[in-house]
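Asker: how would this look folded up:
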Amino acid sequence: GLTEVNSGVATYHYKADGPAGFVSALLRDRSGVLWVGCYSGLSWFANGVFANEIVPDGSSYQFFAFYEDREGSVWVGSEEGLRRFTPKAFRTYTAQDGLTLNRVVTVCASHDGSIWVGLHGGGLNHFVDGAFVPFGKAQGLSSDFAMAMCEGRDGSLWVGTDYGSTLNHIQGSQVTHYGR
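Answerer: A predicted model of the protein is given here:
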């Protein structure tokens, strides 16, 4: 479920009238809509009402990360790939489009407008000019299980990984490891 706190008053939203399940990611977009990523679907909260994504084949997807770009598109990381929602449509990017793997667990904007995508078991993919460029253990990342990332003020990338328990600092092609 999801707990909303407004002026010190808590309102609880459960699966029956709220989000699609266990909440794993949140984003308030520039129009005020709350995007709710769940382990069993995708929900939106606007004007006091939840809407849940209906998947045509009845299956449910796990959603892990959100990012809103300069144009107002919302990028969503899921177990099925990277989705880009524009005001008129959405597109899903998968391994068939060049992702190393479909399980996208973190998404990060770059100062140049490109997007970094963290994959659970596939390292990083840098989405530049409509193509995915892989960056993983072979390029110096401590593990191919990227779990969290953010861009530094200097344009470098900080990446937390699993199964390596290391914080990676990427500056150009140089990777510095902190931790184990």
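
Asker: so how many other residues sit close to F66?
Answerer: The tally of other residues near F66 (other CB atoms under 10 Å) stands at 22. C-beta here means a position set from N, CA and C on the backbone, and glycine is covered the same way.

Asker: over to T86?
Answerer: Neighbours of T86 using other CB under 10 Å come to 12.

Asker: kindly report the same for H120.
Answerer: Applying other CB under 10 Å, we find 20 other residues in the vicinity of H120.

Asker: any figure for the gap between L167 and A95?
Answerer: 27 Å (CB to CB, to the nearest Å).

Asker: nearest the geometric middle of this structure, what residue?
Answerer: Centroid-nearest residue in the chain: A65, 2.4 Å away (criterion: CA atoms, centre = their mean).

Asker: ok, now which ones touch that one?
Answerer: Residues in contact with A65 (CB atoms under 8 Å, 6 or more residues apart in numbering) are A25, G37, V76, G77, V104, V105, T106, V107, G118.

Asker: can I get those in TSV including pLDDT?
Answerer: Formatted as TSV, the contacts of A65 follow (pLDDT from 0 to 100):
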residue	pLDDT
A25	87
G37	84
V76	90
G77	91
V104	94
V105	93
T106	94
V107	94
G118	95
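
Asker: what is the nearest of the residues you listed to F132?
Answerer: The closest of the contacts of A65 to F132 turns out to be V104 (CB to CB; 10.8 Å).

Asker: from M149, how far out is the closest one?
Answerer: In terms of CB to CB, V104 sits 12 Å off from M149.

Asker: can you check G121 too?
Answerer: 15 Å.

Asker: the more surrounded of the two?
Answerer: The neighbour count for G121 versus M149, taken as other CB under 10 Å, is higher for M149 (21 against 15).

Asker: picking that back up, between which two of the contacts of A65 is the distance greatest?
Answerer: G37 and G118 (14.3 Å).

Asker: for G136, which non-adjacent residue is spatially closest?
Answerer: Leaving aside its chain neighbours, G136 sits nearest to G123 (2.7 Å; criterion: CB to CB, 6 or more residues apart in numbering).

Asker: ignore the last one, G155
Answerer: H111 (5.3 Å).

Asker: for the one you found, grab the count of nearby residues.
Answerer: 10.

Asker: again, but for V23
Answerer: Applying other CB under 10 Å, we find 18 residues neighbouring V23.

Asker: contacting residues for it?
Answerer: By CB under 8 Å, 6+ apart, V23 lies in contact with G1, L2, V36, G37, C38.
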